[in-house]
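Undergrad: kindly return the folded structure for what I paste below:
(one chain, ligands or ions: 2)
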Amino acid sequence: MILADAGCEVALWGRRAAPVDAINTTRSNPDYLPGVELPPGVRATTDPADAARGADFVILAIPSQTLRANLTEWAPLLPSNAVLVSLMKGIELGTAKRMSEVIEEVAKAGPERVAVLSGPNLAKEIAARQPAAAVVACRDEAVAQRLQAACHTAYFRPYTNTDVVGVELGGAVKNVIALAVGIADGMGLGDNAKASLITRGLAETTRLGLAMGADAHTFAGLAGLGDLVATCSSPLSRNNTFGRNLGRGMTLEETVAVTKQTAEGVKSCESVLDLAHRHGVEVPITETVVEIVHEGKPPLVALKELMSRSAKAERR
Ligand SMILES: NC(=O)C1=CN([C@@H]2O[C@H](COP(=O)(O)OP(=O)(O)OC[C@H]3O[C@@H](n4cnc5c(N)ncnc54)[C@H](O)[C@@H]3O)[C@@H](O)[C@H]2O)C=CC1
Ligand SMILES: O=C(CO)COP(=O)(O)O
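TA: Ligands and ions are numbered 1, 2, ... in the order given. Next up is the predicted model:
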């Protein structure tokens, strides 16, 4: 919708015929965005070759853990000069790779052809054309500027950045912190606890990012603090809502059953922890989320342990 509003011609691929047909005939996607009218510049198709033909930008927006399998199938269909753009906010399980790394590897594309878009961009608000800002990052600034021009509208303001690692990491780790904040909320903890989790969550994201070569400034920007605040404070966030349900006492199975869309942090908390271990970085909030979500640790026990960790200096 943003790209079409900015004047691009958009071919949208979907795997199921019903929503694809609905988009082409009724201009809306009744399952995911009921009541939102898509601009005439968007057409949908179930044929990936049809969607990719002649594309200047290929925008990848599927659940992170499905990227490798899907892209392996699509790679031969992609125009060799197309810029491949990730909207995905996850880290691959098993490899601990960022989505841009998976794209470079599977599509055999150099970093100058791979870009990332991230920031405080809750889908429902974007679909309502409410104002939002974002970051488009590419190692090649000129490519980031081309993407910026392609998606700049009256309601969507993208900034450029060349720190792909920082922008991508900010988007992935904030989902894990949003789970923690949701759990705290569900347990009935107050705003002090939530603000402490957000702030210390940003500290552990920055610590990991620096170890991975990211720029500290990125984490104070839209893809860091911006997205963290939006996701941790909004009931529209699937990760935050998932956490709240766990904090209220629902089991993982019950929570998964009531979650209709992708909550990336549920799987990515494990790959973020893996990434942190690979870089020798301490990420206590992420570790606690893994223990609650995947190891069945009761949130009250986890809280007690988190609060009684050895005393530390704020900056180290
Ligand atoms: N919804 C949001 O507010 C935002 C989401 N993102 C990121 O975008 C990515 C996608 O999330 P959403 O679109 O929100 O999720 P969603 O759950 O709303 O939609 C996911 C789509 O992927 C399809 N899908 C599921 N499994 C698939 C598979 N194996 N192969 C192909 N397609 C498959 C689903 O049918 C659905 O159309 C995630 O990484 C998310 O973090 C980024 C910014 C905002
Ligand atoms: O990334 C998002 C907002 O920027 C969406 O967050 P959720 O995936 O938690 O809904």
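Undergrad: contacts, neighbours, all on C-alpha from now
TA: Fine.
Undergrad: contacts for stretch 4-24?
TA: With contacts defined as C-alpha atoms under 8 Å, 6 or more residues apart in numbering, stretch 4-24 is touched by 3, 28-31, 38-48, 50-52, 150-153.
Undergrad: if you set the cut-off to 6 Å instead, what comes out?
TA: The contact list for stretch 4-24 (C-alpha atoms under 6 Å, 6 or more residues apart in numbering) reads 29, 41, 42, 43, 44, 45, 46, 51, 151, 152, 153.
Undergrad: run through the residues that contact the residue of the stretch 201-316 of the chain found nearest ligand 2.
TA: Nearest residue of the stretch 201-316 of the chain to ligand 2, counting by C-alpha to the nearest ligand atom: residue 237, 3.4 Å away. The contact partners of residue 237, taken as C-alpha under 6 Å, 6+ apart, are residue 231.
Undergrad: so how far is residue 257 from it?
TA: From residue 237 over to residue 257 the distance is 16 Å, taken as C-alpha to C-alpha, to the nearest Å.
Undergrad: can you check residue 288 too?
TA: In this structure, residue 288 lies at 22 Å from residue 257, with C-alpha to C-alpha as the measure.
Undergrad: which of those two has more neighbours?
TA: Legend: neighbour count by other C-alpha atoms under 10 Å for residue 288 and residue 257, higher for residue 288 (22 against 9).
Undergrad: contacts for the helix or strand containing residue 286 next, please.
TA: The secondary structure element spanning residue 286 is helix 284-295 (assigned by DSSP states H and E). Helix 284-295 is contacted from outside by 269, 297, using C-alpha under 6 Å, 6+ apart.
Undergrad: so for it, mean pLDDT?
TA: For helix 284-295, the mean pLDDT works out to 97.
Undergrad: and it, how far from the chain's centre?
TA: From the chain centre to the centre of helix 284-295 is a distance of 19 Å (C-alpha atoms, centre = their mean, to the nearest Å).
Undergrad: residues of it that come out buried?
TA: For helix 284-295, burial by neighbour count (16 or more other C-alpha atoms under 10 Å) applies to 285, 286, 287, 288, 289, 290, 291, 292, 293.
Undergrad: leaving out chain neighbours, which residue sits closest to residue 62?
TA: Sequence neighbours aside, residue 88 is the residue nearest to residue 62 in space, at 6.8 Å (criterion: C-alpha to C-alpha, 6 or more residues apart in numbering).
Undergrad: that neighbour: neighbour count?
TA: Residue 88 sits with 24 neighbouring residues when counted by other C-alpha under 10 Å.
Undergrad: quick one: classify it as helix, strand or coil.
TA: When the structure is reduced to helix, strand and coil (DSSP: H, G, I helix; E, B strand; the rest coil), residue 88 reads as coil.
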